[in-house]
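Asks: have a look at this fold, sequence not included:
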């Protein structure tokens, strides 16, 4: 209408278009006003630009990331509205993404092997570090064949406390994962740690059990029914990694195994541990939660 004001009267155009003249003038006033959430949108875009994987943030994690950023920013920070408002802003500016795939578990149970009790019973929380952890194996295709990734994550803060990768998924891979935990923290620190897994043959093997006994770790496995929900948290972590790091970014089938290893290592030890907002632990990065835990011990002392 605006570009035809010199040709037709506003009343005439309003009747043709089925709008009131007052409504049209109100619309023009809105155009002149700055966007209500302009500063907040700018902060969202900054968060997304901070890391390549941040463009996968949904509205809840974006809302948590805004609160976390506000807690550490010294400069004036805009007010943060309800999470639903954050969702609406993200949707209006095409910042919402859709989940692309759901990964499947790959470990296979050895029905004849001796099993361990389920010591965590789907309670994926812990009151302090190195008391309870979850472990599992996933895979990625590469130009050199399949890369198998074994990780163990602390239930307290979801920090990856051990990581191992190989071109096979034999029991040695699970063993190497535990050895990496011992190397990082020491035998004394991990004594009594509950390590929960599914009932895959890697975890029922004598090699793995010997390593468990060596470090005096307590073994826990999925319940007798073997339901996937018994280790759902670990499977969700693999899904997040593939969604945020791989899908739509890299065709790992055309990459060398060493290159994919490097990607995965940097994701977990750099991004996931230190920068990624994790909703399951209160909307902060895992390393920050662990740091605050040890700072609280110092304050008590």
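Replies: Everything's here; your move. Since we're looking at a predicted model, the values are computed, not measured. Residues are numbered from 1 along each chain as shown.
Asks: from here on, just use CA atoms for contacts and neighbour counts.
Replies: OK.
Asks: so residue 196 sits in a strand?
Replies: Yes: counting by DSSP: H, G, I helix; E, B strand; the rest coil, residue 196 falls inside a strand.
Asks: begin at 417 from now on, thanks
Replies: New numbering, starting at 417: the last item is residue 612.
Asks: isn't it right next to residue 628, touching?
Replies: No: here residue 612 does not reach residue 628: they are 11.3 Å apart, not a contact under C-alpha atoms under 8 Å.
Asks: which of these two has more neighbours?
Replies: residue 612 (30 against 22; other C-alpha atoms under 10 Å).
Asks: what's opposite that one in the beta bridge?
Replies: With DSSP bridges as the criterion, residue 612 is bridged to residue 550, residue 636.
Asks: list the residues that contact it.
Replies: Contacts for residue 612 (C-alpha atoms under 8 Å, 6 or more residues apart in numbering) come out as 534-536, 548-551, 635-638, 647.
Asks: neighbour count and pLDDT added to these, as JSON lines?
Replies: Listed next are these as JSON lines, based on neighbours: other C-alpha atoms under 10 Å; pLDDT from 0 to 100:
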{"residue": "534", "neighbour count": "17", "pLDDT": "88"}
{"residue": "535", "neighbour count": "17", "pLDDT": "90"}
{"residue": "536", "neighbour count": "21", "pLDDT": "89"}
{"residue": "548", "neighbour count": "26", "pLDDT": "97"}
{"residue": "549", "neighbour count": "27", "pLDDT": "97"}
{"residue": "550", "neighbour count": "25", "pLDDT": "96"}
{"residue": "551", "neighbour count": "25", "pLDDT": "96"}
{"residue": "635", "neighbour count": "22", "pLDDT": "96"}
{"residue": "636", "neighbour count": "23", "pLDDT": "94"}
{"residue": "637", "neighbour count": "26", "pLDDT": "91"}
{"residue": "638", "neighbour count": "24", "pLDDT": "85"}
{"residue": "647", "neighbour count": "24", "pLDDT": "76"}
